[in-house]
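Undergrad: Pasting the sequence and the predicted model now:
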Amino acid sequence: MKKPFHFKQFTVNQDRCAMKIGTDGVLLGAWTSIENNPFSILDIGAGTGILSLMLAQRSNAQQIEAIEIDEEAYEQCIDNFENSPWNDRLFCYHASLLEFVEEVDDTFNLIICNPPFYSENYKTDNSSRDLARFNDAMPFEHLIYAATHLLSENGLFSVVIPKKEEKKFIDLALKTGLFPNRILHVKGQPHSKIKRSLIEFSFRKTEITTNELIIETKRHHYTTDYINLTKDFYLKM
């Protein structure tokens, strides 16, 4: 059984979720801008609820809604929300993304997503893990369609994807009127390839700010940039 993951201000149980707490989610939750003081936030494909919890800690948003299609993950997400210091601001819906888009009239000041992005053709014997990992559960086209429909006029849409998918994702977004404003390229170590792209979109076309983050100089020797980004969350930072 996977142990609970303890952060500085909250704990995440993850024994019922196919996808466990990982660096991608923590980086996205810490990096995403809250400069526009979002009142309403949407977390697409919430899993354990980690992104919603991080943004509840970081922001004063009064309405933080999450959607999760997998029943076990949905129930775990609700438990994690209820056991957090911000349970009056956190809500989770058991729905598919397209169902949610059809049913909701609201728009959100911030939309955040750590999507499933394993497009390989093989599947495992664990259907929950497959649903979480393989992007046929949430194609990029569906995610961008949802973001375009649910994002407020001055809102931000923040996502983490593999670097190799960056151009495709940005091209799809541009077709719907979403423009990349900030990009963070993540490398495990100084001489590693860039593995992840964190991208922030809005309906405003601006100069793109691109930065690079290196996680560690060698095994368990974390860079100052990484520590500064995650120190409000990780216990040992």
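TA: Thanks, I have it. Predicted, not measured: the structure shown is a model, and the values here were computed from it.
Undergrad: which residues in the protein form helices?
TA: In chain order, the chain shows helices spanning 23-31, 50-58, 71-82, 97-103, 127-133, 140-150, 166-175, 224-230, with DSSP state H as the criterion.
Undergrad: Tell me how far the closest residue to residue 57 other than its chain neighbours lies from residue 190.
TA: Among residues not flanking residue 57 along the chain, residue 9 sits closest, at 5.3 Å (Cβ to Cβ, 6 or more residues apart in numbering). Any C-beta I mention is one placed from the backbone N, CA and C, and that applies to glycine too. Distance, residue 9 to residue 190, by Cβ to Cβ, to the nearest Å: 31 Å.
Undergrad: Residue 44 now?
TA: For residue 44, the distance to residue 190 (Cβ to Cβ) stands at 33 Å.
Undergrad: returning to what we had before: looking at residue 9 and residue 190, which is more packed in?
TA: residue 9 (14 against 11; other Cβ atoms under 10 Å).
Undergrad: Listing partners with orientation, what would you give for the strand ranked longest in the chain?
TA: As assigned by DSSP state E, the longest strand anywhere in the chain is strand 151-162. Its sheet considered, strand 151-162 pairs with strand 108-113 (parallel), strand 194-202 (antiparallel) by DSSP bridges.
Undergrad: that older thread, so of the helices of the chain, which one's packed in deepest?
TA: For the helices of the chain, the largest average neighbour count (mean count of other Cβ atoms under 10 Å) is found in helix 50-58, namely a mean of 24.
Undergrad: so what secondary structure elements neighbour it?
TA: Here helix 50-58 touches helix 23-31, strand 40-44, strand 63-68, helix 71-82, strand 90-94, strand 108-113, going by 3 or more Cβ pairs under 8 Å, 6 or more residues apart in numbering; DSSP states H and E.
Undergrad: of those, which approaches residue 212 most closely?
TA: Judged by Cβ to Cβ, the one of the helices and strands packed on helix 50-58 that comes nearest to residue 212 is helix 23-31, at 12.4 Å.
Undergrad: pLDDT averaged over that closest one, what's the number?
TA: Per-residue pLDDT over helix 23-31 has a mean of 97.
Undergrad: By mean pLDDT, flag the weakest helix or strand of this structure.
TA: Lowest by mean pLDDT, DSSP states H and E among the helices and strands of the chain is helix 127-133, with a mean of 57.
Undergrad: What is the burial count for residue 196?
TA: Here the number of neighbours of residue 196 (other Cβ under 10 Å) works out to 23.
Undergrad: what sits against it?
TA: 24, 27, 160-163, 185-186 (Cβ atoms under 8 Å, 6 or more residues apart in numbering).
Undergrad: And the pLDDT for it?
TA: 97.
Undergrad: for the one 3 residues further on, same thing?
TA: We note a pLDDT of 98 for residue 199 in this prediction.
Undergrad: Is it correct that it is in contact with residue 166?
TA: Yes. The pair residue 199 / residue 166 is scored as a contact, 7.1 Å apart, by Cβ atoms under 8 Å.
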